[in-house]
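Asker: Sequence first, predicted model second:
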Amino acid sequence: MGVTDPTGPVMDRDEVDRALARLGAEHEAIETSLLALQDHAGRRLLEGAELTGTTRERWTAAEASITLLWAYFDAYTDALRSAREIRARRRWSSREDLVELTELLRGESVTVAGSATATANAPTLLSAAGRLSERFSLTGLVDRMNELYATSLDMVVTADAVWSALPARIDLLAAELQRTRTLAHSVGVRPGEHPAGDDLERITRTLTKLREDVVSDPLAFWVPTQGSSAPGGGRPDTTVYDREARALEEVRREIDAVLTVRQDAEARLIRLRDVLSRADRTLAEARTARGEVLAKIAATEVPVVSGPPTVLQEQLATAAEYRRGAQWHRLSPLLESLEQKAEDELLRARESLTAVTAPLAVRAELRGRLDAYKAKVARHGLAEDPFLVERYDAARRMLWSAPCDLRVAEQAVLRYQQSVAEALGAPRVPQQGGPEDRRGE
């Protein structure tokens, strides 16, 4: 492209014919593209929508660009027609025809008048001096049309892509939201009464506002691809939509948990009563065992056994009341809390019973050890050994008397065990506490 050099060569007939063929092909391609842009669904939507923000600003400029595009195309069409008419004057063009065609095809021979609307809406498209017309070569005019077409198409394709993607997805999510709201109300999850109900209200407001914004300003929800020059290069920004979709999924899971409570409430309450009953029985057993230990074991600290916590029974009664009143949203967290507390209470009761009966377990272990060594003595034919019988009887009296001093009884068992070892020629058994007791001393 450029201004024809007055001293430059004049195009010959073959050059003219090739140029006209190329320009004709470009004319057809441009016309096809402009008609496609004119019929583009995104453009029709933009024309009929009440736009705001960035989209409104860019569409105003795009409309001016499209208006100029048609003006440029009409000028291009007229120039091409004129060139074809000159070429068609005679089969073998004269020197004067070739000079005229050279100027028309290579020089800045096309004048485009700018409209006041186009100048006001797209001031960068015309000269800074505010001229109401421009001069182009045909090649330069094609370049300008390609530039305007690319920017206009990018705007139209981008808006259409956002409108095609987001509103439909928002509508689907809103339908799912409505189903969830209906289900939530059926189990008592309502705004002001349950956090999930408040979340549903917030999601509803956000989705309503999001849809309004997407419809009126789609370009605000577009993330362009870095480095891409293709029209519509990028993707819709679904950040807000994705966040609300995740929030709704969390609410749905909570509603499902409440529904599960409604289905399993009676069975769970029965299990709770059973666990708390077992805990109470275990504590009662521990209290009974403590009295037995205090009566049978001397010089031993026995831990105090506390009674069952009344607060759990009160909460259990509240849970039953929630079930009768179909207050599932209140019953759900209460049941979860009670189930954990009930298991903890049963564990505490079992630990208390174990701690209380520990001295009895020690006495039982000492009795078992004493009888095991007596049986060992009998197998070796020493059952009538008077010294061993004396040691055995002494230990047995201590273990089967009440109250039993476990520390003294353990020493007696160890002395008997050591005597048995000596009698059988086995290594000595070290005693725990106190000097060693030797046979015959």
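Answerer: Great, that's in hand.
Asker: Please enumerate the helices of the stretch 251-400 of the chain.
Answerer: Assigned by DSSP state H, counting those that start in this stretch, the stretch 251-400 of the chain shows helices spanning 310-324, 328-379, 386-400.
Asker: Mind putting the ones you listed into JSON lines with mean neighbour count?
Answerer: Where C-beta positions appear, they are placed from N, C-alpha and C, glycine not excepted. As requested, those are exported to JSON lines (neighbours: other CB atoms under 10 Å):
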{"stretch": "helix 310-324", "mean neighbour count": "15"}
{"stretch": "helix 328-379", "mean neighbour count": "17"}
{"stretch": "helix 386-400", "mean neighbour count": "17"}
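Asker: Of all those helices, which one comes closest to Leu34?
Answerer: Nearest of the helices of the stretch 251-400 of the chain to Leu34, taken as CB to CB: helix 328-379 at 60.5 Å.
Asker: Tell me how far that closest one lies from the chain's centre.
Answerer: Centroid separation between helix 328-379 and its chain, computed with CA atoms, centre = their mean, to the nearest Å, is 44 Å.
Asker: Same check on stretch 246-258?
Answerer: Counting by CA atoms, centre = their mean, stretch 246-258 comes out at 12 Å from the chain centroid.
Asker: So which residues make contact with it?
Answerer: 173, 176-177, 180, 183-184, 187-189, 196, 199-200, 202-203, 328-329, 332 (CB atoms under 8 Å, 6 or more residues apart in numbering).
Asker: Just those: which are in strands?
Answerer: Assignment to strands by DSSP state E places none of those there.
Asker: how does this structure divide into domains?
Answerer: Domain assignment for the chain by automatic domain parsing gives 13-159, 160-226+233-260, 268-356, 360-423.
Asker: how far does the third one stretch from start to finish?
Answerer: Looking back up the chat, that one is domain 268-356. End-to-end distance for domain 268-356: 31 Å, by CA to CA, to the nearest Å.
Asker: how distant is that domain from the center of its chain?
Answerer: Put simply, domain 268-356 sits 39 Å off its chain's centre (CA atoms, centre = their mean).
Asker: go on, the second one?
Answerer: Averaging C-alpha positions (CA atoms, centre = their mean) puts domain 160-226+233-260 14 Å from its chain's average.
Asker: do stretch 15-25 as well
Answerer: For stretch 15-25 - counting by CA atoms, centre = their mean - the centre lies 60 Å from the chain centre.
Asker: list the contacts for Arg363?
Answerer: Contacts here follow CB under 8 Å, 6+ apart; on that basis Arg363 touches Lys296, Ile297, Leu399, Cys404, Leu406, Ala409.
Asker: how close does Ala88 get to Val16?
Answerer: Taking CB to CB, to the nearest Å as the measure, Ala88 falls 11 Å from Val16.
Asker: Which of those two has more residues huddled nearby?
Answerer: Neighbour count, other CB atoms under 10 Å: between Ala88 and Val16, Val16 has more, with 21 against 9.
Asker: Which helix or strand contains the more buried one?
Answerer: Element membership for Val16 (DSSP states H and E) is helix 13-39.
Asker: packing partners for that helix?
Answerer: Counting contacts by 3 or more CB pairs under 8 Å, 6 or more residues apart in numbering; DSSP states H and E, helix 13-39 packs against helix 53-87, helix 95-106, helix 138-186.
Asker: Kindly recompute the last result at 6 Å.
Answerer: Secondary-structure packing of helix 13-39 (3 or more CB pairs under 6 Å, 6 or more residues apart in numbering; DSSP states H and E): helix 138-186.
Asker: relative to helix 328-379, how tilted is the helix it packs on?
Answerer: 70 degrees (axes from the mean of the first three to the mean of the last three CA atoms, to 10 degrees).
Asker: where are the low-confidence patches of this structure?
Answerer: Within the chain, the segments meeting pLDDT under 70 span 1-8, 93, 114-132, 227-232, 299-300, 426-441.
Asker: Closest to the centroid, which residue in it?
Answerer: Closest to where the C-alpha atoms of the chain average out (CA atoms, centre = their mean) is Arg246, at 5.5 Å.
Asker: End to end on stretch 294-309, go ahead and measure it.
Answerer: Stretch 294-309 has an end-to-end distance of 24 Å (CA to CA).
Asker: For Asp274, find the nearest of the helices of the stretch 251-400 of the chain.
Answerer: Closest to Asp274 of these is helix 328-379 (CB to CB; 9.1 Å).
Asker: Just the buried ones from the contacts of Arg363?
Answerer: With burial judged by 16 or more other CB atoms under 10 Å, the buried subset of the contacts of Arg363 is Ile297, Leu399, Cys404, Leu406, Ala409.
Asker: so the last one makes contact with Arg396?
Answerer: No - taking CB atoms under 6 Å as the contact criterion, Ala409 and Arg396 are not neighbours in contact, 9.4 Å apart.
Asker: with the buried ones among the contacts of Arg363 in mind, which one is nearest to Arg415?
Answerer: Ala409 (10.8 Å).
Asker: ok, now which ones touch the closest one?
Answerer: By CB atoms under 6 Å, 6 or more residues apart in numbering, the contact set of Ala409 is Leu366, Met398, Leu399.
Asker: distance of the nearest residue to Ala423 once chain neighbours are set aside from Pro359?
Answerer: Of all residues not flanking Ala423 in the chain, Leu382 sits nearest, at 5.7 Å (CB to CB, 6 or more residues apart in numbering). Going from Leu382 to Pro359 by CB to CB gives 31 Å.
Asker: just His380 next, same as before
Answerer: For His380, the distance to Pro359 - CB to CB - is 32 Å.
Asker: which is the next helix or strand following the helix holding Val16?
Answerer: helix 41-48.
Asker: Figure out how far that next one is from the centre of its chain.
Answerer: When distances are taken as CA atoms, centre = their mean, helix 41-48 is centred 35 Å away from the chain's centroid.
Asker: what's that helix in contact with?
Answerer: Helix 41-48 has contacts (CB under 6 Å, 6+ apart) with Trp59, Val156, Ala159, Asp160.
Asker: ditto for stretch 396-406
Answerer: With CB under 6 Å, 6+ apart, stretch 396-406 has contacts from Lys296, Ile297, Ala298, Ala299, Val362, Arg363, Leu366, Arg367, Val408, Ala409, Ala412.
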